[in-house]
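Enquirer: Next input, structure requested:
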Amino acid sequence: MKLIRNLDELTPQLQGGAVSIGNFDGVHRGHARIVEQLRAQAALVDGPSTVFTFDPHPVRLLRPDKVPPPLTWTDRKADLLHELGVDALVVYPTDEHLLALTPDEFFHEIVLQRLGARAMIEGPNFFFGKDRAGNIEVLRGLCESNKVKLEVVEPLVEGESFVSSSRIRDLIQAGEVTAATSLLTRPYRIRGMVTHGAARGAKIGFPTANIDAIDTILPKVGVYAGRGSTSEGAWPAAVNIGPNPTFGEDVLKVEAHLIGYSGSLYGQAVEVDFLARVRDTREFASVEELKQQLQGDIQRTSEIWRDWEQEREGEWKN
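Expert: Numbers count the residues shown, from 1 in each chain. Okay, the predicted model is just below:
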């Protein structure tokens, strides 16, 4: 898949296909339904399947106090869309020019001139143009006038509500990472840099990577079973989010114990997938009691990891 950050990089081979515009945050199963139709329409018009998204989110410029915490960063989004079979991801660097375009101007400048779209695939709640003045009916009229086929994909319903990025954010913030994963195309993932901590874990036999500079939403305070990835490979990971009350700390931290890993991770990038919530955090009466609990956390994490690997038979490549 081609990742494009500048519209001037669009070659004729990447124009004249099917386009879907949106944030695609998290790349959930509802997005996968859109991509399925996107690829089908691209095949019909004999062109590329292209997702057009924004970085930063337009709300960050218009209403910075209202911007939703992201579920994915751009490269992660690109990887997930690539897995779904998208040919190109165009990441537009949101600016004042884009935000000032009327729906008609946006359609003609971006959709027709830049992307050369011959088909569009969107959900029924699609809005575009200055002040979100363009809706799906406005888009329908523009497409009809310019001989662009429009396919409207109904939202995916799971349980009693739609699959959406906001629903997934709510689940993650509630610590319900397994439920969130059931709505995503991959388990929820964070990334960060390993920095120096108090090194208490190493002193009691459970070394942890202190992960900082995380730029996506964090699950609720607690202990989780996950998967930690570095440039060297991947390991099951017992992850603690929150303070360390046993040692009198009240600072929120993210610490991951990579089970079976030996070596130093300081200064390295680490990515963590969340598979299941293991327990709440709590204060322990002694270091020995804490050690016993950590051993149980590691055993439970290993079991959850083993079950996930068996169920997915080698899906853990990315």
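Enquirer: residue boundaries of the helices in the stretch 151-300 of the chain?
Expert: 165-173, 177-183, 200-203, 287-312 (DSSP state H, counting those that start in this stretch).
Enquirer: Now render these as a markdown table, adding mean pLDDT.
Expert: Shown next, in a markdown table, are these (pLDDT from 0 to 100):
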| stretch | mean pLDDT |
| --- | --- |
| helix 165-173 | 97 |
| helix 177-183 | 96 |
| helix 200-203 | 58 |
| helix 287-312 | 90 |
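Enquirer: what would those helices look like in a markdown table with distance to residue 97?
Expert: Heads up, the C-betas are built off the backbone N, CA and C, glycines and all. Below are those laid out as a markdown table (distance: least, CB to CB, whole Å):
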| stretch | distance to residue 97 |
| --- | --- |
| helix 165-173 | 26 |
| helix 177-183 | 35 |
| helix 200-203 | 49 |
| helix 287-312 | 44 |
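Enquirer: The ones you listed: which one's closest to residue 252?
Expert: Closest approach to residue 252 among the helices of the stretch 151-300 of the chain (CB to CB): helix 165-173, 13.4 Å.
Enquirer: Does anything pack onto that closest one? Which helices or strands?
Expert: Contact here means 3 or more CB pairs under 8 Å, 6 or more residues apart in numbering; DSSP states H and E; on that basis helix 165-173 packs against helix 177-183.
Enquirer: buried ones in the strand or helix carrying residue 38?
Expert: Using DSSP states H and E, residue 38 sits within helix 29-44. Under the neighbour-count criterion of 16 or more other CB atoms under 10 Å, helix 29-44 has 30-35, 37-39, 41-42 buried.
Enquirer: all strands in this structure, in order from the N-terminus.
Expert: Under the criterion DSSP state E, the chain contains strands at 2-4, 18-21, 49-54, 88-92, 119-122, 149-152, 157-158, 161-162, 188-195, 209-212, 222-230, 233-242, 253-258, 269-279.
Enquirer: Can you say which of these is packed in most?
Expert: A comparison of the strands of the chain by mean neighbour count, using mean count of other CB atoms under 10 Å, puts strand 18-21 on top with a mean of 26.
Enquirer: hang on, the earlier thing: can I get the helices of the stretch 151-300 of the chain in a markdown table with distance to residue 227 and mean neighbour count?
Expert: Formatted as a markdown table, those follow (distance: least, CB to CB, whole Å; neighbours: other CB atoms under 10 Å):
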| stretch | distance to residue 227 | mean neighbour count |
| --- | --- | --- |
| helix 165-173 | 16 | 19 |
| helix 177-183 | 11 | 20 |
| helix 200-203 | 19 | 14 |
| helix 287-312 | 7 | 15 |
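Enquirer: quick one: which of those is nearest residue 71?
Expert: helix 165-173 (6.1 Å).
Enquirer: what inclination does the closest one have with respect to strand 269-279?
Expert: Computed with axes from the mean of the first three to the mean of the last three CA atoms, to 10 degrees, the direction of helix 165-173 lies at 70 degrees from that of strand 269-279.
Enquirer: Settle this for me: residue 52 is touching residue 94, isn't it.
Expert: No - with contact defined as CB atoms under 8 Å, residue 52 does not reach residue 94; the gap is 11.8 Å.
Enquirer: Isn't residue 168 up against residue 70?
Expert: No - counting by CB under 8 Å, residue 168 does not reach residue 70; the two are 11.3 Å apart.
Enquirer: Which residue lies closest in space to residue 45, excluding its sequence neighbours?
Expert: Counting by CB to CB, 6 or more residues apart in numbering, residue 45 lies nearest to residue 118, which is 4.3 Å off, once chain neighbours are set aside.
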